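Peer 1: Need coordinates for the below:
(one chain, ligands or ions: 1)
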Amino acid sequence: MTGNLDEALKLRELAKEHNRFFGDSIPLIASENIMSPLALEMLITDLGYRYAEGLPHHRYYQGNFYVDQIEEKVMELGNRLFRSRQTDPRPVSGTNANTSVIYGLLKPGDKIATPDLSGGGHISAAKFGAVGLRGLNIVNYPYDQETMTILPDEASKLIIREKPKVCLVGQSVFLFPAPLKEMRDAFQEIDAKVWYDGAHVLGLIAGKQFQDPLREGAEVITGSTHKTLPGPQHGIILGNADDNTWRSIQRGVFPGTLSNHHLNAMAALGVTMAEELEYGEAYAKQTIKNARTLASGLHEAGIMVLGESRAFTESHTLVADVRANGGGKKIAEYLEQCNIVLNKNLLPWDDNKSSQDPSGIRIGTQEITRIGFKESDVKELASIMAWAIKEMPDPAKVREKVHNLKSGFRKVQYCFGDLDAYKYIELYR
Ligand SMILES: Cc1ncc(COP(=O)(O)O)c(C=O)c1O
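Peer 2: Next up is the predicted model:
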């Protein structure tokens, strides 16, 4: 009995340690963020224990009258924020949103065009991910190696030649807008369904600072809701689709790839979208400014940041080739010891390299922006990082600088109320 209690307390202690580590670190993983206190509150409500299979007013269980109102409100907020006709807030992750669209729109043997993994594509669009699970034929777009962006003319020719039923754009390394407008004629010529995976850039789209896929030819957007959109770990599907297409996608969610959705996370997503309607534009603008500042700071200090010809990035993400500094694995692991958290990343020239030891690192500025970093703070961060990457001093020396820099940023910004970011986390301290 006591042994089991000890096991439980050990887990609590590890979670506390984790909180302390992140509280004292610079978080630069491009796919992460932290939630506002008001959104976080939703996660610990009773909603987290309940079932609500189906759609509002067409459920299979009793007890859902408030859930129906919440779900309708979240759909309404999604449509307002993204100016979409349809919102499905049920997918429990970005991958689940993707599997729902794949299941709804494609049958085994159908063809899909996708970005290549080494061009920044996501595993759910690869043959050993969700696309493979559905037994689809895949063609990859040609792309520009330096900026990791689809080459529109070459891609248009490929689309017309291969006639995929669905064309998917959107990557995990998403530096520049996808050339949707440039490829529009090709999509129309073969009557393809255009699907935009906005997992990474959803918050930048919400803040009107990246591109506007639904006005540029995409019929459906999928996304994670916890990257640049600073909400809960969850997913969403947005559409400007005809009724039949939308019904197929909704069936792809339930019963296709999900039974119950996570009601607490859905409610937290609604709160996040209300906050985005209020603060999203300012937040997205600052996130991109910070990414460009960090990229040019690292570049000026001699780190090989990709995309120089296009000012490095138009999103929250920047990518550096660190082969000259020992490679992506070595640098990411060393920086972790310095309390700077980012990830190693494959680059387009890594064809023969393992994803465990790639040439690059990927950096995102959405989370540091969320806690208040402005350009001058980012410049200071760039000089600490460049010093660390180039000279690899004793990690304790870097940690001290990181601690001093981070200690000025304890609150979540761009959300309702001046509430302490760590209010709930501190309950555990
Ligand atoms: C482009 C893209 N699509 C989908 C996903 C999957 O999102 P999730 O982790 O929410 O399942 C990711 C995750 O990083 C991504 O980068």
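Peer 1: burial count for Pro179?
Peer 2: When neighbours are defined as other Cβ atoms under 10 Å, Pro179 has 19 of them. No exception for glycine: its C-beta is placed from N, CA and C like everyone else's.
Peer 1: List the contacts of it.
Peer 2: By Cβ atoms under 8 Å, 6 or more residues apart in numbering, Pro179 lies in contact with Thr149, Ile150, Pro152, Ala155.
Peer 1: Give me the distance between it and the ligand.
Peer 2: According to Cβ to the nearest ligand atom, to the nearest Å, Pro179 stands 17 Å off from the ligand.
Peer 1: Please apply the same query to Lys344.
Peer 2: Taking Cβ to the nearest ligand atom as the measure, Lys344 and the ligand are separated by 15 Å.
Peer 1: pretty sure that residue contacts Lys353?
Peer 2: No - applying Cβ atoms under 8 Å, one finds Lys344 not in contact with Lys353, separated by 10.5 Å.
Peer 1: Quick check: closest non-adjacent residue to Gln250.
Peer 2: Spatial nearest neighbour of Gln250, chain neighbours left out: Asp88 (6.0 Å); criterion: Cβ to Cβ, 6 or more residues apart in numbering.
Peer 1: tell me the contacts of the residue in the stretch 1-150 of the chain positioned nearest to the ligand?
Peer 2: For the stretch 1-150 of the chain, the residue positioned closest to the ligand under Cβ to the nearest ligand atom is Gly94, at a distance of 2.5 Å. Taking Cβ under 8 Å, 6+ apart as the criterion, Gly94 is in contact with Ser124, Asp197, Ala199, Thr222, Gly223, Ser224, Thr225, Gly235.
Peer 1: quick one: which two of these are the most distant?
Peer 2: Longest distance between any two of those is 15.5 Å, between Ser124 and Thr225; criterion Cβ to Cβ.
Peer 1: Neighbour count: the two, which is higher?
Peer 2: With other Cβ under 10 Å as the criterion, Ser124 and Thr225 differ in neighbour count, and Thr225 comes out ahead with 29 against 25.
Peer 1: what sits against Pro177?
Peer 2: Contact analysis of Pro177 by Cβ under 8 Å, 6+ apart lists Phe210, Gln211, Glu314.
Peer 1: Oops, could you answer that again for Arg251 instead?
Peer 2: If a contact means Cβ under 8 Å, 6+ apart, then Arg251 has Gly104 as its contacts.
Peer 1: does it sit in a helix, a strand or a coil?
Peer 2: helix (DSSP: H, G, I helix; E, B strand; the rest coil).
Peer 1: Tell me which other helices or strands the helix or strand hosting Ile138 touches.
Peer 2: Take DSSP states H and E as the rule and Ile138 turns out to sit in strand 137-140. Strand 137-140 is packed against strand 111-114, with contacts defined by 3 or more Cβ pairs under 8 Å, 6 or more residues apart in numbering; DSSP states H and E.
Peer 1: ok so, going back, ok, and the most crowded of the contacts of Pro179?
Peer 2: Counting neighbours by other Cβ under 10 Å, Ile150 leads these with 27 neighbours.
Peer 1: now that one: how far from Leu9?
Peer 2: The spacing between Ile150 and Leu9, counted by Cβ to Cβ, to the nearest Å, is 51 Å.
Peer 1: Arg85 too?
Peer 2: Summarising the geometry, the distance separating Arg85 from Leu9, computed by Cβ to Cβ, is 50 Å.
Peer 1: repeat for Gly48
Peer 2: 23 Å.
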